[in-house]
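Enquirer: Kindly generate the corresponding structure for this input.
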Amino acid sequence: MGDPITKKPDQTIANFLDNTNNLRPSEYLADIKVADLTPVLKLTFKDNHNIVLGTFQLYKHEKPASCRRAPSSIRPTRRRASPST
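Expert: Residues are numbered from 1 along each chain as shown. Model (predicted):
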């Protein structure tokens, strides 16, 4: 992964792949089936001979609008009290 001419790695792609390793479920729902999920991303890992080493698939579950949290930009935030002088 990188520039085929200079053989230098592409740091943006390297960071992206490293961060996919850090993805964790935000919630576990045992009754959800894969067919009920929306595919978001599929990564296929191959070696230098183009042989598939494995895949990573990311899905998301669309919650009904009544269950969604408000975006952080409109959620109330706590403010620290400033120290009195």
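Enquirer: what does the model give the closest residue in space to P9 that isn't next to it in sequence for pLDDT?
Expert: Excluding the flanking residues, the one nearest P9 by CB to CB, 6 or more residues apart in numbering is G2, at 4.2 Å. Yep, even glycine has a C-beta here, placed from its N, CA and C like the rest. Here, the pLDDT recorded for G2 equals 70.
Enquirer: Would you mind measuring from G2 to K63?
Expert: Distance of G2 to K63, computed by CB to CB, to the nearest Å: 39 Å.
Enquirer: same deal with L29?
Expert: Plainly put, L29 is 10 Å away from K63 if you go by CB to CB.
Enquirer: Which residues does the helix or strand hosting L58 contact?
Expert: According to DSSP states H and E, L58 maps onto strand 52-60. Defining contact as CB atoms under 8 Å, 6 or more residues apart in numbering, one finds that strand 52-60 is touched by 20, 23, 34, 37-47.
Enquirer: before we move on, what about stretch 6-22?
Expert: 1-3, 43, 56, 58.
Enquirer: would you turn those residues into a markdown table with neighbour count and distance to I13?
Expert: Below are the contacts of stretch 6-22 laid out as a markdown table (neighbours: other CB atoms under 10 Å; distance: CB to CB, whole Å):
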| residue | neighbour count | distance to I13 |
| --- | --- | --- |
| M1 | 9 | 5 |
| G2 | 12 | 8 |
| D3 | 9 | 10 |
| L43 | 12 | 11 |
| F56 | 13 | 14 |
| L58 | 13 | 16 |
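Enquirer: quick one: which two of the residues you listed are the most distant?
Expert: D3 and L58 (26.5 Å; CB to CB).
Enquirer: so what strands line up beside the strand holding L58?
Expert: The pairing partners recorded for strand 52-60 under DSSP bridges are strand 38-46 (antiparallel).
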